[in-house]
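In: My questions concern the predicted model and sequence given below.
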Amino acid sequence: MNVLELLSNEERNDSSSWTIQYSEARGRGIFANKDIKKGEIIFVDYPLLIGPRTGSDRVFCIICFSLNNIRACSKNCGLPLCSEACENSSVHVSECEFILSRSKEFFTQIRFDIIRSLTPLRGLLLNNKQIQLLKLLKSHQGLHHGFEVNIAKKHLRINDDEEVLMHSICSILDTNTFEVIVGEKSDDLSVRALYPLSSMLNHSCTSNITHYFDSHQKMIIKASVPIRKGEEICHSYTKIFWGTCVRQPYLQQTKHFSCDCSRCQDPTECGSNLCAINCFNCGGAVLPMYKPNVSVTWRCVSCNSVMPAKLVGVVLAILGSRLNSLLSADPIQIFKFMKSQLPKYAPMSNHVAVQLKCRLVWLLGYQKNYLWNDLTDELLREKEDMCRELLKLLEMLRAGQNKMRGLILYELYCCLQEWNRRNHQTGEHKALFEEAKEILKDDVYAPQEIKNFWVLNGSEP
Ligand SMILES: C[S@@+](CC[C@H](N)C(=O)[O-])C[C@H]1O[C@@H](n2cnc3c(N)ncnc32)[C@H](O)[C@@H]1O
């Protein structure tokens, strides 16, 4: 049996535009059977298994993912729910019965350790056909896969067969899982899910597709650029603005392969210089030279000197930790870091600066004290400039019509609307909205103004 044979007719889609093929280097992958146009839907996919992420630290209903009216399950399984309807849903009744029949204690309060091990526990409760399908998906061995099993075993009696199956489910989840945005954009709530067809998609750092979800967690895969017949259809397992120095270790540690795509082999990453750090010799840009199976060398493009690995490690660690703390900081703190500290270590092309710019674009106009009315002309200009820079960068990275482009186009449109409101005339904003609307059509994560447009025009978000 292969994956397609185990899917229902609806789940299998009309597969005339693609086929699953095998290669020695990458295993199974999806290839175009015909030329596919930019924006064309390639297939839709339904979740086989969905639930909280391992690091989940938000309290939300584990059935409908609502953030409102949350309370612990009245049967004392420790899981958060929002209503009687969710408590009585068939999915919850079976997981609740399982937890209660195996628990070593009563969970009268919401328990994060039960929430964090819920997704693989749900895997144990799949029917035979679903387990058969799940076991066809790729997984990798590694000590860091399956720590949820130990969390579950602390509180629940899990027998040996279940333990083996749960380990295997965790490894399959780690290799194939998709992050699913389930709330509104402002909530940023996400869960993880396994999609059987999309699990056949191999990775490229220059992906040719974009994906989005509807309100029922159905995933839609669309071409972000024209795809030629015979070309592999690839998804990016990493974030588009991560530099190679972040993508490579992430892919090696979590997905167990080294990417050899053209972006990874080009130290400048299509001229973006996302990994550039300052040369301590001459102040030029030091870039990483990745070659498959050879350790990376960081070399200055101006004076050609090699920067010692230890020094590179220190700079990357400083930048990485500042990025992590600043992602939840106030815009003023982010600007301060970008203007006074970052230039000591890296040029503004560095992916840390890019990710912080992205964060500022999401905050300015929406965060308390930084609402559109609160923004000074200077801050509004900064946001507009950052949107334009990020759009240019996406073009450099050949991202095509991907979701990030749609979201940034919309933010640029909002800046221009705001300039208009302040009596500065701008001409192009309608076209920006039209393009954003087209890219984000039917995406549950789209800004409300775009969703309102679909509702007014009879399309179901
Ligand atoms: C989600 S699966 C993709 C489908 C997989 N090839 C299969 O046969 O089921 C992810 C795994 O595929 C392999 N893979 C994906 N992209 C790759 C790439 N660009 N180069 C090498 N291996 C890749 C890795 O083993 C990775 O952990």
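Out: Nice, thanks for sending it over.
In: show me where pLDDT drops low in this protein?
Out: Counting by pLDDT under 70, the ranges of the chain that qualify are 183-187, 428, 456-461.
In: domain assignment for it?
Out: Following the assignment in automatic domain parsing, the chain carries domains at 4-46+195-233, 49-191, 241-329, 364-461.
In: got TSV for these, with mean neighbour count and distance to residue 344 too?
Out: (C-beta placed from N, C-alpha, C; glycine too.) Below are those laid out as TSV (neighbours: other Cβ atoms under 10 Å; distance: least, Cβ to Cβ, whole Å):
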stretch	mean neighbour count	distance to residue 344
domain 4-46+195-233	17	28
domain 49-191	17	31
domain 241-329	17	7
domain 364-461	17	21
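In: Let me have these in TSV, extended by distance to the ligand.
Out: Shown next, in TSV, are the domains of the chain (distance: least, Cβ to the nearest ligand atom, whole Å):
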stretch	distance to the ligand
domain 4-46+195-233	3
domain 49-191	3
domain 241-329	4
domain 364-461	16
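In: would you turn those domains into JSON lines with distance to residue 341?
Out: Formatted as JSON lines, these follow (distance: least, Cβ to Cβ, whole Å):
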{"stretch": "domain 4-46+195-233", "distance to residue 341": "28"}
{"stretch": "domain 49-191", "distance to residue 341": "26"}
{"stretch": "domain 241-329", "distance to residue 341": "7"}
{"stretch": "domain 364-461", "distance to residue 341": "18"}
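In: among those, which is nearest residue 355?
Out: domain 241-329 (5.6 Å; Cβ to Cβ).
In: Now find how far off-centre stretch 243-254 is within its chain.
Out: Centroid displacement of stretch 243-254 relative to its chain, using Cα atoms, centre = their mean, to the nearest Å, is 14 Å.
In: just the helices in the stretch 201-350 of the chain please.
Out: 244-250, 262-265, 309-326, 331-336, 342-345 (DSSP state H, counting those that start in this stretch).
In: how about those, which one is nearest residue 448?
Out: helix 331-336 (21.8 Å).
In: Give me the contacts around the closest one.
Out: 326, 356, 359, 360, 363, 364, 367, 370, 379, 382 (Cβ atoms under 8 Å, 6 or more residues apart in numbering).
In: Among those, which pair sits farthest apart?
Out: Most distant of the contacts of helix 331-336, by Cβ to Cβ, are 326 and 379, 17.2 Å apart.
In: how close does the closest residue in space to residue 270 that isn't next to it in sequence get to residue 4?
Out: The spatially closest residue to residue 270, leaving aside those adjacent along the chain, is residue 396, at 5.0 Å (Cβ to Cβ, 6 or more residues apart in numbering). Counting by Cβ to Cβ, to the nearest Å, the separation of residue 396 from residue 4 is 37 Å.
In: How about residue 88?
Out: 35 Å.
In: For residue 352, which of the domains of the chain is the nearest?
Out: Of those, the one closest to residue 352 (Cβ to Cβ) turns out to be domain 241-329, at 4.6 Å.
In: and the closest one, how far from the chain's centre?
Out: That offset, for domain 241-329, works out to 21 Å (Cα atoms, centre = their mean).
In: quick one: terminal-to-terminal distance for it?
Out: 19 Å (Cα to Cα, to the nearest Å).
In: Can you show me the strands along the stretch 301-450 of the chain?
Out: Using DSSP state E, counting those that start in this stretch, the strands of the stretch 301-450 of the chain run over 306-307.
In: same thing with the stretch 51-200 of the chain?
Out: Counting by DSSP E, counting those that start in this stretch, the strands of the stretch 51-200 of the chain are 71-72, 80-81, 178-181, 190-194.
In: can you give me the end-to-end distance of stretch 436-447?
Out: 10 Å.
In: show me where the stretch 1-150 of the chain has helices.
Out: So, for the stretch 1-150 of the chain - with DSSP H, counting those that start in this stretch - the helices run 9-12, 84-87, 90-102, 112-116, 118-124, 128-135, 147-155.
In: thought residue 393 was touching residue 272?
Out: Yes. Contact criterion Cβ atoms under 8 Å: residue 393 and residue 272 qualify, at 5.9 Å.
In: List the residues that contact residue 116.
Out: 52, 53, 54, 55, 56, 148, 151.
In: who's the spatially most central residue of the chain bridged to?
Out: Closest residue to the average C-alpha location of the chain: residue 179 at 5.4 Å, with Cα atoms, centre = their mean. Taking DSSP bridges as the rule, residue 179 bridges to residue 192.
In: Surely residue 110 touches residue 77?
Out: No. Judged on Cβ under 8 Å, residue 110 makes no contact with residue 77 at a distance of 10.1 Å.
In: Find residues that contact each of those two.
Out: Common neighbours of residue 110 and residue 77 (Cβ under 8 Å, 6+ apart) do not exist.
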